[in-house]
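**Student:** Output the structure for:
(2 chains)
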Amino acid sequence: MVAIYAAVVLLYPPIFEAYTGVINAPLRYDSSVRLTNTEFEALASRLMFEAARERAHEGDSAEANHQLVRDMKTEILLRTRSFQRSTGYRHVELFRQAGIRQYEGPSTCLQCHPTIRVQDHMGNVSDVKTLDDVAGSVHFQFQRIATGSSAFGNGRREANVAGSQPITVGKIDGACGIPGSFSWTGWATLVESKPEEAEGKPVLRSEGCGQCHIGGGYHPATEKMMPFGEVPRAIKEGIDCLICHSRTYDMNYRYVIQDEYGMRWNQDRTMRAALTVGMPSSENCLYCHQHNMGGDAYPQNAAAHALGFKNQRLLHAGAKRGNAWHSATDVHAGAGIQCLDCHIPQGHKIPRGPKGTDLVANDLPGVEVSCERCHSTAPHISGTARTLLNGHVARVACETCHIRELEPYNVVLRDWVSPEWDAKEGIHIPRDILRSGEPGIGLTYLWFNGNGTFLANALGTNPSHPRDYNPLMQQMTRMDAARIDALLEPAMRQLAAQDPGFNRAEYVRAFTDTLSQLPKELIERRGKVVDEKLRPIMERGQSRIYPFKLFNARMYEEMSNRGPFGAVILPFDYKTYYETGKPADAVKAAISHPIARRMYQQPVRRYMMDEFMSHFGVDQWNTVYPLENGELRNVEAQWMRQMGTLMVNHGIQARGRGCMDCHSPAGILDWKALGYPEDRAQHLANLPEAAHFRDAVAGQP
Amino acid sequence: MTISLDRWSPILRLFVWALLTTVAYAQEGPVPVSSGDTVEYCLRCHGMQTMGQIETLGRIRSLAVDAEAFKSSTHGAKSCTFCHYGFGEFPHSEKVVARRKPQCTSCHRGERYENWGFPAVKEEFDASVHKATLGDAFTCFACHDPHTFEPSRDHRTIPLTVAYSNAICMQCHQDRERMVTRFAIATAPLEATHAFLPNRDVHWRTVRCLDCHTAPNERMVSHHILPKEEAVRNCVECHSQESRLMSKLYVHRVEEERQTAGFLNSVVLNDAYVVGMTRNRYLDAVSIGLAIITLIGIFLHALGRYLARRKVRKS
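**Tutor:** Take a look at the predicted model:
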């Protein structure tokens, strides 16, 4: 028995590494430096001084904006006892006493925090091992093999219910609308850019999913995808505690480094960052999460202003959601509410609410994160329309009115197959055919009960007319071609200039009528799957109208594994894509990665792929490897067969929409598409009462 | 001031309505943008289940009506404006909104008051612990929502009757916070006060609070809610053939049926069997039969032994 156990523990890791081609090695960080006592004390007083100066600047009025006044305030604060206490850099004293003069990663934290006390949402208290808690969290693993995911398969069943083959759900293997972010092949890479400024001289830039994940290894926590795989302890030592817990973390340390084993992400392991640890604030979360809310393009994205001391991180153009969490764009951020006030953590597991259409793993699937928890079901407390607005809560989500639009650079249509040259950054980037945050173009409204498909489609139904609502055959497959025609013009002109044979009508048809890409037989099968398999899930629970960010992308798809909802999306190799602008070559490079090859072999097919693909509506995983003699085989460029719909919950505006925004003929809601019969739709678009509240808006008298 | 117009002739009603509304709008308020006197018209807004507003911190006053529950309620055939007179226009004029809310006795008066048994209700209610502790703060509406009210009738199964009735009490008695915010009364948890009751949850499911907590009367329901000291605590009051429940929850069950069919009767079919209350005459007959057979057996056995003994002695 002991012998078998020892064999598994000792032999399994090298076999796994050899088979998948992943690398594990001890991790070293240059920023982790031992300080002398003198250096330590100098740093400690420097940090106190900076905190005092920052506080002295808070609430500065224009007339007090004088350097001498500030200096004086700083000076006084430094000598103020309550300030010394409240600055809260408690670890300065703790480190001083414990003799800690170097931050060496988790092992330093674990000296004093081997276990932590965790209280769950039911009030149960338990002590857990800190490192296990972190390494078991989605922030480290970004995958989960568990029930309770809000993702439902197109055509089969709920993932990971009893009796089914367990599969990992999460971004680690998610079919992402942004295919470059396939985490196995795009974890950390260095790209040679040729920016205008450098006049053709190559400049190294960092790119990859690892920039936003707390693991410091050479690949994501791939081991956890196997039934008894465990991430090696050396790799767990690469967990970046400080990016969440330090109030002075410097994002300039986050860039890709190459060592003798491979490429990985550097971290800020300076004592400067370690001395200011505490509970995470919104700033910590936003180092990474602003990327998928406001986006890198959002002017107030702090991380986008600290790109790295070297090998600077590449910024992503456009935005995934285009709803920033910032005091200027979100009323809660403006009120000083912190992320963890609503996303109340249980140890290192952080709830994201039970609803969701993406495949992002959920640490605490049953734990509620909702507006109602603070605002009740009668959130409108003043104004003549308050009772009527409160009435809408039963059918309309708060976000529907209180996110009036997304940022204008929100990406709606992205063509990865026809890249464009970004002269400023000196790389080839995917071409955004359409960006818009406008309702009806980049933002849409759908019934939603909290569930989504594996392809990011919101599920729900019109509670009073369930049979007439069918977004997977209707609104998610269509765009109003006439309405976006003018917006498409610049991209269309560029494409025509590049390719004399460019057929605009055909090109536009593929994404304004996505089902036109499917043969008739598959469209019929699709209709059947929606009616038989998805309707029962759509009719679960209580649906309300929610806003969704819309997107579609043109990517290379492997047609041997094709179903009525799409085919397998192939990843791109960042380096090849950015440097050469040849998407097909980038695909070849990415799928040459050993782990991508393994996916087309029997063991992985048995273990995972058959089950996984069934959730995308593909009956069986066809193991024909799409690369033969250096050429792509049975691969086509296609738009997704339906638009993805991502939940938007941040960027909340106090002043919501008014009655006439929906209840008028030119309103933002398409009542018919929402399942209302003709006469009812007419009525809802012409409510006589709405005019009475012409000026009344949600959140205002 | 509350006006009841339902006894007036329709034409007069219309005339007064027109006059009042014309005068009202001539004097104040915006011109109505819509009007109607059907339930459907009102439910366009009041059918939204979350319609309401926060009145004081922590308390939402619902202005929603459950369309289904209203239609099956005793008032379901009436239009909303029958009671909420003047609300048939939108926006509702401030004058109409400021009027006193309609009361039960706005309609249930005179003959209607007598016919619907209100004098007895009033008498019982005046003697009740609710009235004694809370006085005028405790109105009919504290228990009865006129939009969902159904009288206790015999058309439902007993479990449904029990659930409906107990839900009314539980609105307040299970929500101790509400007892404090609404009536400034602190109470002990029901689980604690009913700890003495064997099979407490079964009792709560199968009998009404009223069956133990009201004074006996001839009807199914009494509004004379007793103070807790006077509530029934003696098991035998129900668990006996002369069960108290006969004059309460089971008052409408046919007595004869119970007498003849024993515990296989329709009461059992309604999931309302009460130990000790009902008897099975077949079981009785079988038991007596067995007893007689046993006695006969003993007699024959003794006789046999006696005769055998005598025979031995003789020889």
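**Student:** Can you tell me which residues in the stretch 601-701 of chain A are near chain B?
**Tutor:** Proximity of the stretch 601-701 of chain A to chain B, by C-beta under 8 Å from any C-beta of the partner chain, involves residues A:688, A:689, A:691, A:692. The way it works is simple: take the backbone N, C-alpha and C, and place the C-beta from them, glycine included.
**Student:** Please give me every residue in contact with the first one.
**Tutor:** Shown here is residue A:688, whose contacts under the criterion C-beta atoms under 8 Å, 6 or more residues apart in numbering or on different chains are B:33, B:34.
**Student:** remind me which residues of chain B are low pLDDT?
**Tutor:** Along chain B, the model assigns pLDDT under 70 to residues B:1-30, B:152-156, B:247, B:251-274, B:276-280.
**Student:** Serialize the residues of the stretch 601-701 of chain A next to chain B to TSV and add fields for secondary structure, pLDDT and distance to residue B:72.
**Tutor:** Shown next, in TSV, are these (DSSP: H, G, I helix; E, B strand; the rest coil; pLDDT from 0 to 100; distance: C-beta to C-beta, whole Å):
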residue	secondary structure	pLDDT	distance to residue B:72
A:688	helix	85	30
A:689	helix	84	28
A:691	helix	77	35
A:692	helix	80	32
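**Student:** Most neighbours among those residues, which one?
**Tutor:** residue A:692 (20 neighbours; other C-beta atoms under 10 Å in any protein chain shown).
**Student:** which residue does the stretch 201-315 of chain B bring closest to chain A?
**Tutor:** Nearest to chain A in the stretch 201-315 of chain B, going by C-beta to the nearest C-beta, is residue B:201, at a distance of 22.2 Å.
**Student:** buried residues in the helix or strand that residue falls within?
**Tutor:** Using DSSP states H and E, residue B:201 falls within helix B:200-206. Buried residues in helix B:200-206, defined by neighbour count with 16 or more other C-beta atoms under 10 Å in any protein chain shown: B:204, B:206.
**Student:** Likewise for stretch B:229-241?
**Tutor:** Within stretch B:229-241, the residues that qualify as buried are B:238, B:240, counting by 16+ other C-beta under 10 Å.
**Student:** Can you measure across that stretch, start residue to end residue?
**Tutor:** In stretch B:229-241, first residue to last residue: 25 Å (C-alpha to C-alpha, to the nearest Å).
**Student:** Stretch B:61-77 too?
**Tutor:** Using C-alpha to C-alpha, the end-to-end distance of stretch B:61-77 comes out at 25 Å.
**Student:** Kindly report the same for stretch B:82-97.
**Tutor:** 15 Å.
**Student:** Say whether chain A is contacted by it.
**Tutor:** Yes: using C-beta under 8 Å from any C-beta, stretch B:82-97 comes into contact with chain A via B:90, B:91.
**Student:** From the chain's centre, how far out is that stretch? Work that out for me.
**Tutor:** 31 Å (C-alpha atoms, centre = their mean, to the nearest Å).
**Student:** Return the set of buried residues in that stretch.
**Tutor:** By 16+ other C-beta under 10 Å, the buried positions in stretch B:82-97 come out as B:82, B:83, B:84, B:85, B:86, B:87, B:88, B:89, B:90, B:91, B:93, B:96.
**Student:** What does residue 249 show for phi and psi?
**Tutor:** Going with chain A. Here is the backbone geometry of residue A:249 (degrees, to the nearest 10): phi -60, psi 140.
**Student:** if you could check chain B rather than the one you did, that'd help
**Tutor:** phi -60, psi -40.
**Student:** With adjacent residues omitted, what lies nearest to it?
**Tutor:** Residue nearest to residue B:249 in three dimensions, not counting chain neighbours: residue B:211, with 5.4 Å by C-beta to C-beta, 6 or more residues apart in numbering or on different chains.
**Student:** and the host helix or strand of that neighbour, how far from the chain's centre?
**Tutor:** Per DSSP H and E: residue B:211 is located in helix B:209-213. Distance of helix B:209-213 from its chain centroid, counting by C-alpha atoms, centre = their mean, is 10 Å.
**Student:** Am I right that residue B:32 is in a strand?
**Tutor:** No: read with DSSP: H, G, I helix; E, B strand; the rest coil, residue B:32 is coil and lies in no strand.
**Student:** what's the distance between the nearest residue to it once chain neighbours are set aside and chain A?
**Tutor:** Ranked by C-beta to C-beta, 6+ apart and with sequence neighbours excluded, the top spatial neighbour of residue B:32 is residue B:89, at 3.8 Å. Distance, residue B:89 to chain A, using C-beta to the nearest C-beta, to the nearest Å: 11 Å.
**Student:** ok, back up a step: the buried residues of stretch B:82-97: which two are farthest apart?
**Tutor:** Spatial extent of these (C-beta to C-beta) is set by the pair B:82 and B:91 at 20.5 Å.
**Student:** Can you give me the neighbour number for residue A:568?
**Tutor:** A count of neighbours around residue A:568, defined by other C-beta under 10 Å, yields 22.
**Student:** which stretch of helix or strand covers it?
**Tutor:** Counting by DSSP H and E, the element that carries residue A:568 is strand A:566-569.
**Student:** That strand pairs with which strands, parallel or anti?
**Tutor:** Using DSSP bridges, the strands paired with strand A:566-569 are strand A:544-563 (antiparallel).
**Student:** now the strand it pairs with: mean pLDDT?
**Tutor:** The average pLDDT for strand A:544-563 rounds to 94.
**Student:** cool, stretch A:232-242 as well?
**Tutor:** Stretch A:232-242 carries an average pLDDT of 93.
**Student:** Now that stretch: buried residues?
**Tutor:** A:232, A:235, A:236, A:237, A:238, A:239, A:240, A:241, A:242.
**Student:** just stretch A:112-122 next, same as before
**Tutor:** Buried-residue list, stretch A:112-122, by 16+ other C-beta under 10 Å: residue A:118.
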